[in-house]
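Chemist: give me a 3D structure for the following:
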Amino acid sequence: MTKIIQISDMHLMAEARERYRGIDVEARLQAVVEHLRKHHGDATLLLLTGDLVHQGGLESYRRIDALLAKLNIPWYWIPGNHDCAEAMTALWGRITRKLQLQGWLLTLLDSTSDSDGRGSGSLADSELDFLRQQLQVDANHLLVLHHNPIAVDSQWQQAISLGNAQEFNQILANSSRQGAVIFGHLHQHWDIQSGHWRMLACPSSAVQFRKYCEHFEVETLGLESWPGYRWLTLFADGKLDTGVERCDPNQLTE
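Modeler: Coordinates of the predicted model:
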């Protein structure tokens with residue numbers, strides 16, 4: 001059994017005191033880390049699935065580094081459309097592309113190719129080739145990327161989803177393998193079955209975007225507005241349990 005934690009879309013600013021969409025995202029990330037420390041200290045590893053910063057540079061990533069050190073859990077990252085991959089690589093080294101766990105193979109993909117500067121991104125041809133190679137391995141598969149590869153009922157977000165989602169999904173459909181795909185970018189929680197693949201979107205540790213909207217809106221009401229993260233428990237026989245945890249922002253000093 002392997003427990004994995006996913007944190008996504010932290011959107012840390014250049015300075016810790018700066019706010020993103022009026023929210024103290026630094027305080028929210030600290031609360032998420034503390035919640036993890038208390039409730040999921042037995043996690044095997046942590047995945048950071050992009051947009052770790054909003055407009056920050058190396059110093060913003062160093063603050064993340066210091067926060068995650070409190071967990072004493074190995075962690076791995078992929079970039080999002082707001083990230084600076086060069087700064088991330090300079091601080092943390094190259095992306096870990098694959099992780100072999102008991103009965104499972106984790107494949108980490110970079111979906112920031114062909115960005116239009118408005119939020120979209122795609123998997124480069126080399127990433128798609130790597131995915132095809134990984135799916136040759138006889139294992140249960142967990143695929144990790146930033147951009148959502150499936151449409152959700154949110155019209156404005158469709159324009160900034162994975163640019164070559166059709167090709168990505170065709171590769172999965174052509175494969176005899178099965179498993180799950182986890183991603184961020186949406187700032188929403190979704191759990192959708194697509195063929196023999198489970199598609200799992202992670203809420204943001206910072207700010208949530210309202211579902212079922214034609215135009216962009218920040219979610220401000222109820223549990224869906226709270227900062228969160230996803231946990232996954234992978235079993236050697238291919239079973240996967242997962243859920244989303246939320247932190248009450250009213251208990252934060254923002």
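Chemist: leaving out chain neighbours, which residue sits closest to T96?
Modeler: Distances taken as CB to CB, 6 or more residues apart in numbering place Y76 nearest to T96, at 4.9 Å, with adjacent residues excluded. Every C-beta, even on glycine, is put in place using the N, C-alpha and C of the backbone.
Chemist: also G184?
Modeler: Nearest to G184 is S8, by CB to CB, 6+ apart, at 3.0 Å.
Chemist: do A31 as well
Modeler: Closest to A31 by CB to CB, 6+ apart is C247, at 4.6 Å.
Chemist: check which helix or strand covers the residue nearest to T96.
Modeler: Assigned by DSSP states H and E, Y76 belongs to strand 75-78.
Chemist: hey, what's the spatially most central residue of the chain bridged with?
Modeler: Nearest residue to the geometric centre of the chain (CA atoms, centre = their mean): T49, 3.0 Å. Using DSSP bridges, the beta-bridge partners of T49 come out as I78.
Chemist: for the strand holding Y76, packing partners?
Modeler: strand 45-49 (3 or more CB pairs under 8 Å, 6 or more residues apart in numbering; DSSP states H and E).
Chemist: got the contact list for the strand it packs on?
Modeler: If you take CB atoms under 8 Å, 6 or more residues apart in numbering as the criterion, strand 45-49 is touched by 2, 4-10, 36, 64, 68, 71, 73-78, 80, 99, 108, 144-146, 182-184, 202.
Chemist: take these and keep only those in strands.
Modeler: 2, 4-7, 75-78, 99, 108, 144, 182-183 (DSSP state E).
Chemist: doesn't V144 make contact with G179?
Modeler: No. Counting by CB atoms under 8 Å, G179 does not reach V144; the two are 11.0 Å apart.
Chemist: give me the more crowded residue out of those two.
Modeler: Set G179 next to V144 and count neighbours by other CB atoms under 10 Å: V144 wins out with 25 against 22.
Chemist: now for the closest residue to the more buried one other than its chain neighbours, how many residues are close by?
Modeler: In space, and not counting its chain neighbours, V144 is closest to L108: 4.7 Å by CB to CB, 6+ apart. When neighbours are defined as other CB under 10 Å, L108 has 21 of them.
Chemist: these two touch, right, L108 and I78?
Modeler: Yes. L108 is within contact range of I78, at 5.3 Å (criterion: CB under 8 Å).
Chemist: any shared contact partners between these two?
Modeler: Joint contacts of L108 and I78 (CB under 8 Å, 6+ apart) are 47, 95, 144-145.
Chemist: now, of these, which are buried?
Modeler: Buried members of those, scored by 16 or more other CB atoms under 10 Å, are 47, 144-145.
Chemist: now those in JSON lines, with pLDDT and distance to V137?
Modeler: Formatted as JSON lines, those follow (pLDDT from 0 to 100; distance: CB to CB, whole Å):
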{"residue": "L47", "pLDDT": "98", "distance to V137": "19"}
{"residue": "V144", "pLDDT": "98", "distance to V137": "15"}
{"residue": "L145", "pLDDT": "98", "distance to V137": "18"}
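Chemist: can you redo those residues as TSV with distance to W156?
Modeler: Listed next are the buried ones among the shared contacts of L108 and I78 as TSV, based on distance: CB to CB, whole Å:
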residue	distance to W156
L47	26
V144	25
L145	20
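Chemist: which among the residues you listed gets closest to A90?
Modeler: Closest approach to A90 among the buried ones among the shared contacts of L108 and I78 (CB to CB): L47, at 20.4 Å.
Chemist: circling back: got the confidence number for the residue nearest to the centre of the chain?
Modeler: Model confidence at T49, expressed as pLDDT, equals 98.
Chemist: swap in the one 3 residues further on?
Modeler: L52 carries a pLDDT value of 97.
Chemist: likewise for the one 4 residues further on?
Modeler: On pLDDT, G56 comes in at 66.
Chemist: now swap in the one 5 residues further on and tell me
Modeler: The per-residue pLDDT reported for Y61 equals 96.
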